[in-house]
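Asker: Mind looking at a prediction? Sequence and model below.
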Amino acid sequence: MKRIIYVSFDHLHPKYGALADADPKSDLIVLVESARMVTGASWNKIRLYFLISSARHFKAELEQLGFKVQYVKAATTVDGLKKVAKDYPKLPIISAHPSSHLQSKQLAEFGVSFIENDFFLTPRNLFTSWADNQKSFLMESFYRAQRNRLGILVEGGKPVGGKWNFDKENRLPPPKNYKYPPYLKHKADEIDQMVADELGISPSDTWGTSRKAAKAQLKNFIDNHFANFGPYEDAMTGENWALHHSLLSPYINNGLLHPAEVLTAALNAYKKGEVDIASAEGFIRQIIGWREYVNGMYWYLGADYKKGNHLNANRKLLPLFTDPGKTKMNCVKTTVADIKERAWVHHIPRLMILSNLALITGTNPQEFLNWMRREFIDATDWVMVPNVIGMGLHADNGKMMSKPYAAGGAYISRMSTYCKGCAYDPKLRAGDNACPFTTLYWDFLDRHKDEFVKNHRMSQQINGIKRLSDLPQLKQRAIEVLSGLDKGLI
Ligand code: FAD
Ligand code: SF4
């Protein structure tokens with residue numbers, strides 16, 4: 001053996017990272033299941049099931065390819081590597097550059113050499129050159145540059161379909177009397193069953209845990225969902241938890257799928273005329289735009305970015321986040337119950353229900369971030385930190401988003417079916433039946449009006465406060481709502 005190749009649980013692809021040029025004759029492959037990852041926090045068990053079972057399947061896949069693989073259980077990743085290094089003291093350890101600041105530091109200190117992390121479409125230095133030349137880091141500017149750089153949906157420097165952005169076409173409420181395609185169910189095998197038994201749960205049929213299953217999920221999306229992805233990408237409904245979302249983030253994030261594979265499949269379907277430009281653009285924007293932008297910003301903004309708390313929000317995590325029985329708010333109850341069941345909800349519940357609630361209640365960003373990290377199947381540092389600190393909670397003083405994503409019940413009422421079965425009324429902002437989102441939205445704007453009045457994108461909303469004849473009653477209701485939320489009674 002000439003080298004030890006460390007493969008982290010988010011680099012599970014035989015053709016990328018340190019495995020790209022690996023040789024079964026001379027490379028020993030090491031995966032480490034660290035106790036810190038399994039028992040270090042009260043992780044959602046569906047998340048653990050997916051990550052651990054995927055890694056164990058990957059070990060088996062590499063062995064089939066002829067590799068010698070050691071799957072080590074240890075207290076920490078470095079402890080696991082120490083164990084292996086004891087048996088092979090002269091071998092260098094290499095890995096693809098880790099996906100988090102912390103692991104980069106820890107592995108570098110231990111002496112691991114890194115090769116470029118090619119699990120993204122944008123090398124980190126390329127993102128830095130883009131960001132260094134920006135006055136503000138607008139995702140839309142990055143995305144257009146990315147379309148041009150990669151030559152995707154552009155002809156002669158112009159966007160295919162005549163515009164860069166089909167957001168207007170893509171913001172429909174949930175459809176009525178609509179037949180959703182059946183969910184793709186994944187069958188558990190022996191490895192899945194063993195992992196589930198260790199965790200004390202049943203295997204999940206929502207999530208596959210092998211590259212074959214990941215490819216089946218991609219095919220299912222392209223064949224059954226892609227054409228309607230665009231129009232309903234922002235809609236939420238109690239009738240169907242996935243709508244037309246791809247459910248691909250866990251697989252792209254742990255390496256079972258490379259973003260280039262997803263992109264190729266999407267472009268092929270578009271070229272064959274299976275989807276219109278609005279859906280094609282809407283989805284491709286997520287893959288080459290949002291995902292790459294978020295990763296780029298994570299590295300560009302540095303390790304301390306996650307400590308941001310610009311709005312000085314210090315409320316403790318509300319009990320409803322850990323126990324959906326602690327709220328009567330139908331939208332929140334349904335969303336948190338869904339997360340308990342599958343460790344996933346799509347981007348609008350993440351942004352406009354969960355983060356919005358944390359934002360307007362003044363919940364501490366780090367407490368909320370830690371909760372999101374623990375619960376979601378696709379959560380890792382590089383993706384959760386910018387999405388929560390920057391996009392969701394505006395805790396970074398607007399480095400990522402030019403205005404906070406705060407909204408009242410009217411938005412949720414328009415984009416979901418949740419309000420019909422709720423104890424509260426989205427139209428009311430004061431009184432016992434007022435929707436907590438509506439009350440707290442105005443209270444939030446009022447609390448931060450001196451800050452937001454300087455932001456021209458917020459001035460219309462801030463001016464709206466002056467038109468509220470019932471502001472004193474609303475402020476009184478906000479006090480009751482916040483106290484009731486703290487006690488799990490609202
Ligand atoms: P689709 O809606 O089908 O989108 C396709 C793909 O685009 C996703 O699989 C994902 O890879 C990518 N994508 C879209 N938006 C983003 C984004 N903002 N950041 C990164 N990738 C994006 N995504 C994660 O992968 N992990 C997280 O921990 C995570 N946390 C989030 C927290 C908040 C507050 C918000 C607002 C968004 C977060 N997202 C996160 C982004 C997005 O919600 C998920 O990627 C998406 O819901 C996953 O479901 P899907 O695969 O069906 O996505
Ligand atoms: Fe959510 Fe308010 Fe609608 Fe109830 S009324 S579901 S709390 S937005």
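Answerer: Happy to help now that I have it. Ligands and ions are numbered 1, 2, ... in the order given.
Asker: quick one, what contacts residue 43?
Answerer: Each residue near residue 43 by Cβ atoms under 8 Å, 6 or more residues apart in numbering is listed here: residue 374. (Glycine included, C-beta is placed from N, CA and C.)
Asker: And it, how close does it get to ligand 2?
Answerer: When Cβ to the nearest ligand atom, to the nearest Å is the yardstick, residue 43 and ligand 2 sit 27 Å from each other.
Asker: Ramachandran angles for that residue?
Answerer: In this entry, residue 43 is assigned phi and psi values of phi -70, psi 150 (degrees, to the nearest 10).
Asker: Leaving out chain neighbours, which residue sits closest to residue 112?
Answerer: Computed as Cβ to Cβ, 6 or more residues apart in numbering, the closest residue to residue 112 that is not its neighbour in sequence is residue 93, at 4.8 Å.
Asker: What's the local residue count around the one you found?
Answerer: The tally of other residues near residue 93 (other Cβ atoms under 10 Å) stands at 20.
Asker: Tell me what it is bridged to.
Answerer: In this structure, residue 93 has beta-bridge partners residue 4, where bridges are defined by DSSP bridges.
Asker: can I assume it is in contact with residue 113?
Answerer: Yes. With the criterion set as Cβ atoms under 8 Å, residue 93 and residue 113 qualify as a contacting pair; they are 7.2 Å apart.
Asker: follow-up on the earlier one: any idea how far ligand 1 is from the residue nearest to residue 112?
Answerer: For residue 93, the distance to ligand 1 (Cβ to the nearest ligand atom) stands at 28 Å.
Asker: ok, that residue - contacts?
Answerer: Residues counted as contacts of residue 93 (Cβ under 8 Å, 6+ apart) are 3-6, 30, 81, 85, 110-113.
Asker: hmm, try it at 7 Å
Answerer: Contacts here follow Cβ atoms under 7 Å, 6 or more residues apart in numbering; on that basis residue 93 touches 4, 6, 81, 85, 111-112.
Asker: Now do the same contact list for the closest residue to residue 274 other than its chain neighbours.
Answerer: The shortest distance from residue 274 to any residue that is not its chain neighbour, by Cβ to Cβ, 6+ apart, is 6.4 Å, and that residue is residue 227. Residue 227 makes contacts with 274-275, 279, as judged by Cβ under 7 Å, 6+ apart.
Asker: what's the closest of the residues you listed to ligand 2?
Answerer: Using Cβ to the nearest ligand atom, residue 279 is the member of the contacts of residue 227 that lies nearest ligand 2, at 27.3 Å.
Asker: what number of residues lie near the closest one?
Answerer: Counted with other Cβ under 10 Å, the neighbours of residue 279 add up to 26.
Asker: That one: what secondary structure?
Answerer: Per DSSP: H, G, I helix; E, B strand; the rest coil, the local secondary structure of residue 279 is helix.
Asker: contact partners of the lowest-mean-pLDDT helix or strand in the chain?
Answerer: Taking mean pLDDT, DSSP states H and E as the measure, helix 35-39 is the helix or strand of the chain with the lowest mean score, a mean of 86. Outside of helix 35-39, the residues within contact range by Cβ under 7 Å, 6+ apart are 48, 75-76.
Asker: Could you list the contact residues of the stretch 151-300 of the chain toward ligand 1?
Answerer: Where proximity means Cβ under 6 Å from any ligand atom, the interface of the stretch 151-300 of the chain facing ligand 1 comprises 245-249, 252-253, 286-287, 290-291, 294.
Asker: which of these come close to ligand 2?
Answerer: Applying Cβ under 6 Å from any ligand atom to those, none is adjacent to ligand 2.
Asker: biggest separation within the residues you listed, which pair?
Answerer: For these, with distances taken as Cβ to Cβ, the pair at the greatest spread is 247 and 294 (18.2 Å).
Asker: more crowded one of the two?
Answerer: Neighbour count, other Cβ under 10 Å: between residue 247 and residue 294, residue 247 has more, with 22 against 19.
Asker: measure the closest residue to that one other than its chain neighbours to residue 284 for me?
Answerer: The shortest distance from residue 247 to any non-neighbouring residue, by Cβ to Cβ, 6+ apart, is to residue 217 (6.0 Å). Applying Cβ to Cβ, to the nearest Å, the value for residue 217 to residue 284 is 18 Å.
Asker: Could you single out the nearest of the residues of the stretch 151-300 of the chain next to ligand 1 to residue 341?
Answerer: Using Cβ to Cβ as the measure, the one of those that approaches residue 341 most closely is residue 247, at 13.7 Å.
Asker: pLDDT at that closest one, what is it?
Answerer: Looking at residue 247, its pLDDT is 98.
Asker: Does it touch residue 218 like I think?
Answerer: No. Counting by Cβ atoms under 7 Å, residue 247 stays clear of residue 218, with 9.6 Å between them.
Asker: thinking again about what came up before, which one of the contacts of residue 93 is nearest residue 42?
Answerer: The nearest member of the contacts of residue 93 to residue 42, counting by Cβ to Cβ, is residue 81 at 26.3 Å.
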